[in-house]
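Undergrad: A predicted structure for the sequence below; I have some questions about it.
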Amino acid sequence: METLPKPSTDSAPKPSLNKLLVFSDDWGRHPSSCQHLIRQMLGQVDVTWVNTIGMRPPRLDRVTLARASEKLTGWFTRSKADGDACQGDAVAADDSVCPQVIDSKMWPWMSHSWDRWLNRKLLVSQLSQAAQEATVITTIPIVCDLVDHLPAARWVYYCVDDFSVWPGLDGKTLGSMEDELLPKMDAVVAVSETLVDSLSARGCQAELMTHGVDLAFWQQATDTDSRDHANSPLALFWGVVDRRMNADWILGLADAMDEISIRLVGPMQDPDPRLLKHPKIELPGPVAFERLPALASQADVLIMPYADLPVTRAMQPLKLKEYLATGKPVVTSSLPTTDKLSDVLDVASDPQQFIDWVRRRASGEVDPNQADARRNMLSTEGWAAKAESLRRFL
């Protein structure tokens, strides 16, 4: 990709932070890092959250049809304002302050110039008032055509993934849009060192801010006596089940251990079909976010067996610190993010090592040094501290 100029670093004073316009995944649909961060600012800053059409190209499949149904419902039957936005929110408390949510009407394609022209027209007409003198945060590059057309005071790109290599997305188009977005930003924040280095290689200076975690949520008391998998050890994963997962490692684990259940919890997006057929592998689909601590309490070991791919090398999975916060043993594959955490979890560099670590942890073997290291690490990783760091970049 071509070399891009750095975001502006001039000494002009930043506008006072009293109004935010946020482009990200749909509010309340699932608890993303951006939602956790913005939740810390609600009640202090006027927040408008924009639900977009997303980045996945439409296809003739169940995922697209379900998503289209959600979008049409939001466009024509729901108006979310103030407290109404809390309805269906995965982690909002009863007394939560919620943002103004705009379900923006968009054309679902973006690969051609006329697609982008139409979406720019649609979004500018819907968002000009909300953008007036606002600081804009975006986690998605599809807003690159709006920067010069919305009356915002400041633009910040919160880079959470490398969408140019994400399974199922139009990587070429999204990579090109990010190239256009970067030089227009006043600040860029990235969640992993790999992303920071990638942006730097393209001439963009980004600040590193890793994900946080809600310790109280993940350490809440749960009923550990209600195990629903008989007496066999349970290895648990939660998140999107897709082609980023190393299916060979999971299948090898299932075949190697006579007594084990493997549960992969979360939405399925074109996973390896072999995972659907193995008798020891359960794929129950998505569950409510608030149920995850209870599911974790039933598990003997939490697993994160991602394949070594460009997209996974750039990730800092949100679930990683969630796993650690539960106090359960954690076994992962070797990736840039996990390699740096070998003092708080077990990192496997090959399939046999993955099987060996899972077998040892599922049998009850623990490393007391890991528990101490986790407490030290997580003590400064709360979302409130991360939100304060983000405010400094804004």
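TA: Sure thing, it's come through.

Undergrad: all strands of the stretch 201-350 of the chain, in order?
TA: 207-208, 234-238, 261-265, 281-285, 301-304, 330-333, 346-348 (DSSP state E, counting those that start in this stretch).

Undergrad: For the fifth one, what is the distance to the chain centroid?
TA: In this case it means strand 301-304. Remark: strand 301-304 is offset 18 Å from the chain centroid, using CA atoms, centre = their mean, to the nearest Å.

Undergrad: quick one: strands adjacent to that strand?
TA: Within its sheet, strand 301-304 is paired with strand 234-238 (parallel), strand 330-333 (parallel), according to DSSP bridges.

Undergrad: just to revisit the earlier point, and of the strands of the stretch 201-350 of the chain, who's closest to Pro57?
TA: strand 281-285 (22.8 Å; CB to CB). Placement of C-beta: from N, CA and C, glycine included.

Undergrad: Would you mind pulling up the elements that the closest one packs against?
TA: Contacts defined by 3 or more CB pairs under 8 Å, 6 or more residues apart in numbering; DSSP states H and E place strand 281-285 against helix 247-256, strand 261-265.

Undergrad: What ranges does this structure have for its helices?
TA: 33-41, 62-76, 113-131, 171-181, 193-201, 215-218, 247-256, 292-298, 310-313, 318-325, 336-339, 351-362, 368-378, 383-393 (DSSP state H).

Undergrad: can you list contacts of the first one?
TA: Right, the one you point to is helix 33-41. Helix 33-41 is contacted from outside by 20, 22, 24-25, 27-28, 47, 49, 91-92, 96, 99, 137, 139, 158, 160, 191, 211-212, 214, 318, 383-384, 386-387, 390-391, using CB atoms under 8 Å, 6 or more residues apart in numbering.

Undergrad: Now that helix: buried residues?
TA: 33-41 (16 or more other CB atoms under 10 Å).

Undergrad: one step back: can you add distance to His278 and mean pLDDT and give the helices of the chain back as JSON lines?
TA: Output for the helices of the chain, formatted as JSON lines (distance: least, CB to CB, whole Å; pLDDT from 0 to 100):
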{"stretch": "helix 33-41", "distance to His278": "32", "mean pLDDT": "96"}
{"stretch": "helix 62-76", "distance to His278": "22", "mean pLDDT": "68"}
{"stretch": "helix 113-131", "distance to His278": "41", "mean pLDDT": "97"}
{"stretch": "helix 171-181", "distance to His278": "30", "mean pLDDT": "97"}
{"stretch": "helix 193-201", "distance to His278": "32", "mean pLDDT": "97"}
{"stretch": "helix 215-218", "distance to His278": "29", "mean pLDDT": "96"}
{"stretch": "helix 247-256", "distance to His278": "5", "mean pLDDT": "98"}
{"stretch": "helix 292-298", "distance to His278": "20", "mean pLDDT": "96"}
{"stretch": "helix 310-313", "distance to His278": "22", "mean pLDDT": "96"}
{"stretch": "helix 318-325", "distance to His278": "22", "mean pLDDT": "97"}
{"stretch": "helix 336-339", "distance to His278": "25", "mean pLDDT": "96"}
{"stretch": "helix 351-362", "distance to His278": "15", "mean pLDDT": "98"}
{"stretch": "helix 368-378", "distance to His278": "30", "mean pLDDT": "95"}
{"stretch": "helix 383-393", "distance to His278": "36", "mean pLDDT": "96"}
